[in-house]
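Student: Here's a sequence, model it:
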Amino acid sequence: MHKLVYPFSVLVLAGSLFAADPFAGTWKLNVAKSKFGGPDPSPKELTVVIEDQGERAAVTGKGTASDGSPISNKYTVIKTGGEANYSEGAPPPGVSVVFPKRKADTNTAVSTTMKDGKVLETTRGVVSGDGKTMRLTVKGTDAQGKPFESVQVFDKQ
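Tutor: Okay, here's the model as predicted:
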């Protein structure tokens, strides 16, 4: 049920809630600096583009999973918070990605992935002060109820 594409969506894209924010732009996953735990294997490569569209942000993710299969998703989110609206690569039925209405601060964003109302994982994204690095920390529980944590480091392109 889990695949890298959902935590990736969750988080990265939590950052897209802010107008003229440090999250906007093109980000490439630095696999060597990232640590994957739980149900999310390390992808071979991943690029995320976050575009400001006024009241909404558009997020596109493309890459290659560890097994060689393509990773592709697209969604929009209203900047004042709410559920992500997927046009490609949506999570399975019953799973939703929700962004809060309140932002932590300009360089920090949080999102929650839920299944049938139960929290699966929480993603916290932080853009460095110089705007060159984005770190996504994903904390949750796997299908067996065991806690996990992944840290995904992205470099701005």
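Student: Give me the distance from the helix or strand Arg135 falls within to the chain's centre.
Tutor: In this assignment (DSSP states H and E), Arg135 forms part of strand 133-141. From the chain centre to the centre of strand 133-141 is a distance of 8 Å (C-alpha atoms, centre = their mean, to the nearest Å).
Student: Same question for stretch 121-133.
Tutor: 10 Å.
Student: can you pull the buried residues of the strand holding Arg135?
Tutor: 133-140 (16 or more other C-beta atoms under 10 Å). Where you see a C-beta, it was placed from the backbone N, CA and C, and this is true even at glycine.
Student: Residues contacting it, please?
Tutor: By C-beta atoms under 8 Å, 6 or more residues apart in numbering, the surrounding residues in contact with strand 133-141 are 7-8, 10-12, 15, 23, 27, 38, 40, 113, 119-128, 147-156.
Student: helix or strand right after it?
Tutor: Next along from strand 133-141, by DSSP H and E: strand 147-156.
Student: Extract the C-alpha set from that following strand and format it as CSV.
Tutor: Listed in CSV are the C-alpha atoms of strand 147-156, where the atom choice follows Å, rounded to 0.1, in the frame of the first residue of the first chain:
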residue,chain,number,x,y,z
PRO,A,147,7.1,3.0,14.0
PHE,A,148,9.5,4.2,11.2
GLU,A,149,11.2,7.4,10.2
SER,A,150,12.6,8.5,6.8
VAL,A,151,14.6,11.6,6.0
GLN,A,152,14.6,12.8,2.4
VAL,A,153,17.1,15.4,1.4
PHE,A,154,16.4,17.5,-1.7
ASP,A,155,18.8,19.9,-3.4
LYS,A,156,17.4,23.0,-5.2
